[in-house]
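Engineer: Sequence and predicted structure below; questions after.
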Amino acid sequence: MYKKILVAVDGSHTSKLAVQEAVKIASLTSGTVHAVYVVDKSPIFNYAGYFDPTVLTDALRSDGRNALENVESTCRQSGVACANELVETEPLNDDIAQTLKRYAGRLGAELVVLGTHGRRGMKRIVLGSVAEHFVRISPCPVLLVRGSDEKDEATQ
């Protein structure tokens, strides 16, 4: 039961809460936490005429490596097996949810843990929801861990 637990991270407070839940489940099932950070390149190349997309992509990759190192540290402290990977959106019309779906399928994930900001109204319409989109297309069960916008805004 839930030996391969995928957790998506982005470095936010909410994703750290998701990691904590994934670690709790993995410790109960002797499972492995598979952390993934998705570098979303699609909006970067839409604005390539205004800045060098390579610089921004490199910065996102660096942020991703830092977030994944934090997951490894959390897992190590809890005695939970951990694997991590930095993945990138592929074509220009790809998005984070589709990339996560492909990764979960390739991994054979039995559970995916995602943080969600729980936005409503205009904030949700404007910002969208990776978690909501992923729940609709997920190949396996999904655990959503709710955070709060206030804490995330304070850390960014």
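Structural biologist: Cool, the structure landed.
Engineer: ok, the closest residue in space to Asn66 that isn't next to it in sequence - how many residues close by?
Structural biologist: Distance criterion CB to CB, 6 or more residues apart in numbering; nearest residue to Asn66, sequence neighbours excluded, is Gly11 at 6.8 Å. For every residue, glycine as well, the C-beta is placed using N, CA and C. If you count neighbours by other CB atoms under 10 Å, Gly11 ends up with 17.
Engineer: One more: the one 5 residues further on?
Structural biologist: By other CB under 10 Å, 20 other residues sit near Lys16.
Engineer: Relative to Asp58, how far out is it?
Structural biologist: Remark: distance between Lys16 and Asp58 (CB to CB, to the nearest Å) = 23 Å.
Engineer: Backbone dihedrals for the residue nearest to Asn66, both of them.
Structural biologist: Backbone torsions for Gly11, taken as degrees, to the nearest 10, come to phi 90, psi -10.
Engineer: quick one: contacts for it?
Structural biologist: For Gly11, the contacting residues are Tyr37, Asp63, Gly64, Asn66, Ala67, Asn70, by CB atoms under 8 Å, 6 or more residues apart in numbering.
Engineer: repeat for Cys82
Structural biologist: Cys82 makes contact with Thr32, Val33, His34, Ala35, Val71, Glu72, Cys75, Arg76, according to CB under 8 Å, 6+ apart.
Engineer: can I assume the last one sits in a strand?
Structural biologist: No: inclusion of Arg76 in a strand is not indicated when DSSP: H, G, I helix; E, B strand; the rest coil is applied; the result is helix.
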